[in-house]
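S.K.: Everything below, folded, please.
(2 chains)
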2 protein chains.
Amino acid sequence: MAKFEQLACQMRKQLQEGIWQPGDKLPSLREKSIHSGMSLMTVLRAYQLLESQGLLISRPQSGYYAAPQLAAPPLDSASAVNVQARVELTEDVDVNAFIFDVLQASKSPSVVPFGSAFPDPHLFPQRQLTRSLASVARRMQPRNALDNLPPGNEQLRKHIAQRYALQGIAVSPDEIVITAGAMESLNLSLQALTVPGDYVAIESPAFYGALQAIERFKLKAIAIATDPQHGIDLDALHQALNDYPIKACWLMTNFHNPLGCTLSWENKQRLVAMLEKYGVGLVEDDVYGELYSGLQRPLPAKALDGKGLILHCSSFSKNLMTGFRIGWVAAGQHARNIQRLQLMSTLSASAPMQLAIAEYLATSSYDSHLRHLRKTLEQRKNAAIQSLQSYLPYDVTIYPSRGSYFLWLELPPGLSSTTLYWQALEKGISIAPGKMFTTGDKYDRHFRLNVSYEWDERCEQSVKALAALIQQQIKAMHSMKI
Amino acid sequence: MAKFEQLACQMRKQLQEGIWQPGDKLPSLREKSIHSGMSLMTVLRAYQLLESQGLLISRPQSGYYAAPQLAAPPLDSASAVNVQARVELTEDVDVNAFIFDVLQASKSPSVVPFGSAFPDPHLFPQRQLTRSLASVARRMQPRNALDNLPPGNEQLRKHIAQRYALQGIAVSPDEIVITAGAMESLNLSLQALTVPGDYVAIESPAFYGALQAIERFKLKAIAIATDPQHGIDLDALHQALNDYPIKACWLMTNFHNPLGCTLSWENKQRLVAMLEKYGVGLVEDDVYGELYSGLQRPLPAKALDGKGLILHCSSFSKNLMTGFRIGWVAAGQHARNIQRLQLMSTLSASAPMQLAIAEYLATSSYDSHLRHLRKTLEQRKNAAIQSLQSYLPYDVTIYPSRGSYFLWLELPPGLSSTTLYWQALEKGISIAPGKMFTTGDKYDRHFRLNVSYEWDERCEQSVKALAALIQQQIKAMHSMKI
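M.R.: Reported below is the predicted structural model:
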């Protein structure tokens, strides 16, 4: 952990212990620097980190203040004693049309897209990408269609391998298979590791794509309790690995969707040791990895993969362009099998799209775009948190993430996010209710908000409207009690 | 040929020469790498290729061994008289790595691509398409990514619906779902109609994509005898529908791959009547429909679909551009379900590719391109047939098709197209051997040739080489008899 992260950690504890009450002014940067013996820059970074996590608020010309509402302690504090309660077995995953309806609802331009899964499309380097696309279009050769068949464009695979190398992860271009987006690479990876009837460990809540894949391939889901702050419960996973013949895990180790949590480095090490002990493969969904708020991209578990058990999946859809449909999997020994599966499911990713992204990566500054993107997302997220904190009832908990562009919110007991979803949709506002992310009836007090959009008056008014709907539910509940 | 393929070729020869006897341990990967001067990865791939060809066996923790000698597969001699014999039930379809290897082998530019599945890429209107692509690239808007989510680009769906209307088939744009090529639309359609364990009727021989999909979704295949001239045996299909709880059929009613046959209009009527009687859905694969040799495109069974039982799948890959990966399904009442499945498997087809094809269809003359394409393919096919007839032994039967760009050939009894495949590949010529198109050991006397390429001296020489190899097999067979 970097110095500034250690400092932030320490201060987070102090905030949780109530050393600063909501609204209290914190020591100035200079005071804190003198007091802690750390440089001004380190202190600034720590404060910014806490701000990005919604724990502090900065007021220009004034300083930093403790945020009005702090994230509550882990979700299931009571059930955390008994490991069994944290493992939920679902033999037949039945994910209904609800997810489809929610996603379709957030597509319309007239609806406020808080429920959308996609980042604001205006965040992307449209001009450079279309220049790359136009340029490859002019130079396309008849043979390109064949040259870009699985495993996919060689230049693109080399670029991706280089980016792994920069993170210190050894992945050869030959182990990489280009796919029609990460959704395809995740699905093919799961197929490569399992046959129908097998057990698969997933997080609870989980990305709905995992739930649907498990349903489609007739697998059995073992959902492991996952905490918005600390990530998957590794004791529970350990017990599940012990109790069930689990064939694969499908996990989001960085910036979990919908929770936002990132597994610590120590826990990633523990996870990989467990996978190795039980000889279980991991489909690692790392599509939000590039969208970190801190100084460095958190390493995926793949970085620890000495035995070729991890299929690391990602794409350009969240950070370069939605709709191009280019993703990949670093599949190691499974690369050949993945290609075989791909050849029979979509044949290959689109050749011009592969060429266009390879061209963009060779001619434009992807990294400078990413830096700008991260900064913008962080600013928008902070603005959203501030607005939510101002308007939402005090007992709504906000779980901020250190990356991606989602917030996970928890309503007070007795309220329903599904009800909120329908009421909000009538007012032209979409949200992603918790039940999208589970096979059971859980998380009906939770919902996910997409805060990648520019935080304008319409967003502000929508938050007010959501707050009013929540107040309404609280009132209705109280009147029922009387 | 790639390095690993060269190495595998060399080792295959050595195995055939008896350098390693059945059961002998081969050099370890490391030894072979040091000895050959090739990388470990290259050696591994060569070994894996030989393993997939049944020439080597790998034993965990031990290494690779020469496989025991296999007896020649039994030949299916007399054509079936009794209906039962024309229905072949395969509970567990196991399609091996062979198909993948054949397709990969035909990709290399140094190999004569008679075994390829793709039409000559020079046949396509490269210039107009790249102009369309460059033009949409310049005009792309951030919202395009969202607008082209399932069911896909509206303009494109309207164009496709109009083309159905010109054939007299009523399909609304709302029933059409744009997919990442026909392979995806076929797979999604099969998923929409079945659950694992269901029976599916297919042709025998069948397009290998159908075999693989049945394997992947753990369905049970009922393969119905199909004749290169008359198409599927409807009496046998009728009996199968009577005897088994069949949930879906997957058939190619026009220009069957690999046979080339087209079901007559009367037989299509009989087929649809049967589907209606038994309430069974049809996945109709019509990807070659536009490539007819006659005066008019043969109507698909979809034209007779009064009860919404037919999911008609096609694409632009065979007649406009391979590698763009844009296909569709006219799915009727299943359209919504198909979209749900798609959203969780690839999310959507690439947005710029959808836009580019819609732009091409609006601004260029697709029909004049198609007329030219059909004429060229017919000329090339005729040249190929002439050449084959001149050089091949008289007892090799050629089944010409009235559309598409494949020929189906039948060797005299006692010969093997798999043997021919390996021998031809050593001479840099690929063919598609019959066993790619079946779940059993059938069609080992048959092979498919792609004759979409300009019929030049290289093709002529390759046919001579194939003829010589066939003669060689005939001689060897006769000498064995003596």
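S.K.: OK, contacts around residue A:32?
M.R.: With contacts defined as CB atoms under 8 Å, 6 or more residues apart in numbering or on different chains, the neighbours of residue A:32 are A:26, A:38, A:43, A:47. Yep, even glycine has a C-beta here, placed from its N, CA and C like the rest.
S.K.: at 7 Å instead, please
M.R.: Contacts for residue A:32 were tallied using CB atoms under 7 Å, 6 or more residues apart in numbering or on different chains; they are residue A:43.
S.K.: Tell me which helix or strand it sits in.
M.R.: Take DSSP states H and E as the rule and residue A:32 turns out to sit in helix A:29-36.
S.K.: next one: that helix to chain centre, how far?
M.R.: Its chain's C-alpha centre lies 34 Å from the corresponding centre of helix A:29-36 when counted by CA atoms, centre = their mean, to the nearest Å.
S.K.: mind listing what's buried in that helix?
M.R.: Buried residues in helix A:29-36, counted by 16 or more other CB atoms under 10 Å in any protein chain shown: A:29, A:32-33, A:36.
S.K.: for those, which one is nearest chain B?
M.R.: Checking the buried residues of helix A:29-36 against chain B with CB to the nearest CB, the nearest one is residue A:29 at 37.9 Å.
S.K.: Hmm, the closest one is touching residue A:45, no?
M.R.: No - taking contact to mean CB atoms under 7 Å, the distance of 10.4 Å between residue A:29 and residue A:45 leaves them out of contact.
S.K.: So residue A:64: helix, strand or coil?
M.R.: Following DSSP: H, G, I helix; E, B strand; the rest coil, residue A:64 is assigned to strand.
S.K.: neighbours around the closest residue in space to residue A:299 that isn't next to it in sequence, how many?
M.R.: In space, not counting the residues next to it along the chain, residue A:299 is nearest to residue A:167; the distance is 6.3 Å by CB to CB, 6 or more residues apart in numbering or on different chains. Applying the criterion other CB atoms under 10 Å in any protein chain shown, we find 15 residues in the vicinity of residue A:167.
S.K.: Would you confirm that residue A:167 contacts residue A:298?
M.R.: No - the pair residue A:167 and residue A:298 fails to qualify as a contact (CB under 7 Å) at a distance of 9.9 Å.
S.K.: what's the pLDDT at the one residue in the stretch 351-482 of chain A that gets nearest to chain B?
M.R.: Taking CB to the nearest CB, chain B has its nearest neighbour within the stretch 351-482 of chain A at residue A:351, 3.5 Å off. In the predicted model, residue A:351 carries a pLDDT score of 94.
S.K.: The closest residue to it other than its chain neighbours: what's it in contact with?
M.R.: Taking CB to CB, 6+ apart, and ignoring the residues beside it in sequence, residue A:351 has residue B:323 as its nearest neighbour in space, at 3.5 Å. Going by CB under 7 Å, 6+ apart, residue B:323 touches A:144-145, A:148, A:350-351.
S.K.: for residue A:161, same thing?
M.R.: Contacts here follow CB under 7 Å, 6+ apart; on that basis residue A:161 touches A:171-173, A:176.
S.K.: Whatever helix or strand it lives in - what's its average pLDDT?
M.R.: With elements taken from DSSP H and E, the one containing residue A:161 is helix A:154-166. Model confidence over helix A:154-166, given as mean pLDDT, is 95.
S.K.: That helix: what's the following helix or strand?
M.R.: Beyond helix A:154-166 in the direction of the C-terminus, DSSP H and E gives the next helix or strand as strand A:176-179.
S.K.: Sketch out the low-pLDDT regions of the stretch 351-482 of chain A for me.
M.R.: Counting by pLDDT under 70, the ranges of the stretch 351-482 of chain A that qualify are A:482.
S.K.: What count of nearby residues applies to residue A:121?
M.R.: The tally of other residues near residue A:121 (other CB under 10 Å) stands at 19.
S.K.: In contact with the closest residue to it other than its chain neighbours: list those residues for me.
M.R.: If you skip the residues right next to it in sequence, residue A:121 has residue B:142 as its closest partner in space, 3.5 Å away by CB to CB, 6+ apart. Taking CB under 7 Å, 6+ apart as the criterion, residue B:142 is in contact with A:121-122, A:124, A:126.
S.K.: and if we set it to 10 Å?
M.R.: When the contact criterion is CB atoms under 10 Å, 6 or more residues apart in numbering or on different chains, the partners of residue B:142 are A:120-124, A:126, A:321-323.
S.K.: what do you get for residue A:295?
M.R.: Contacts for residue A:295 (CB under 10 Å, 6+ apart) come out as A:2, A:4-5, A:45, A:48-49.
S.K.: And the buried ones among those, selectable in PyMOL?
M.R.: With 16+ other CB under 10 Å as the criterion, this PyMOL line picks the buried residues out of the contacts of residue A:295:
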select buried, chain A and resi 4+5+45+48+49
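S.K.: So which bits of the stretch 151-300 of chain A are right by chain B?
M.R.: Those residues of the stretch 151-300 of chain A that sit near chain B, judged by CB under 10 Å from any CB of the partner chain, are A:172, A:174-175, A:179-184, A:186-188, A:191, A:195-197, A:208-213, A:215-218.
S.K.: now, which of those lie within strands?
M.R.: residue A:179 (DSSP state E).
S.K.: Neighbour-wise, give me the winner out of the contacts of residue A:161.
M.R.: Scoring those on neighbours with other CB under 10 Å, the highest-scoring entry is residue A:176 at 27 neighbours.
S.K.: So chain A: which segments form each domain?
M.R.: Listed by automatic domain parsing, the domain ranges of chain A are A:1-70, A:88-94+A:124-363.
S.K.: Of the ones you listed, which stretch is the most buried?
M.R.: domain A:88-94+A:124-363 (a mean of 22; mean count of other CB atoms under 10 Å in any protein chain shown).
S.K.: rewinding a little: any chance of the buried residues of helix A:29-36 in CSV with distance to residue B:234 and pLDDT as columns?
M.R.: Supplementary listing: the buried residues of helix A:29-36 in CSV, determined by distance: CB to CB, whole Å; pLDDT from 0 to 100:
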residue, distance to residue B:234, pLDDT
A:29, 83, 80
A:32, 84, 82
A:33, 86, 80
A:36, 84, 80
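S.K.: any idea which of these is closest to residue B:263?
M.R.: residue A:29 (79.2 Å; CB to CB).
S.K.: The spatially closest residue to the closest one that is not a sequence neighbour: what secondary structure?
M.R.: The shortest distance from residue A:29 to any residue that is not its chain neighbour, by CB to CB, 6+ apart, is 5.1 Å, and that residue is residue A:43. Classification of residue A:43 using three-state DSSP returns helix.
S.K.: isn't residue A:43 right up against residue A:6?
M.R.: No - contact between residue A:43 and residue A:6 fails when scored by CB atoms under 10 Å: they sit 11.7 Å apart.
S.K.: quick one on the thing from earlier: so which of the contacts of residue A:161 comes closest to chain B?
M.R.: Nearest to chain B among those, counting by CB to the nearest CB, is residue A:172 at 7.2 Å.
S.K.: what residues are up against that closest one?
M.R.: Residue A:172 is in contact with A:157-158, A:161, A:164-165, A:330, A:332, A:335, B:39, B:41, counting by CB under 10 Å, 6+ apart.
S.K.: go with 7 Å
M.R.: When contacts are counted by CB under 7 Å, 6+ apart, residue A:172 touches residue A:161.
S.K.: And for residue A:182?
M.R.: When the contact criterion is CB under 7 Å, 6+ apart, the partners of residue A:182 are A:287, A:313-315, A:317, A:327.
S.K.: so where do the strands sit in the stretch 1-150 of chain A?
M.R.: Residue ranges of the strands in the stretch 1-150 of chain A, as given by DSSP state E, counting those that start in this stretch, are A:56-59, A:63-66, A:87-90.
S.K.: With respect to these, which exhibits the lowest mean confidence?
M.R.: With a mean of 61, strand A:87-90 has the lowest mean pLDDT of the strands of the stretch 1-150 of chain A.
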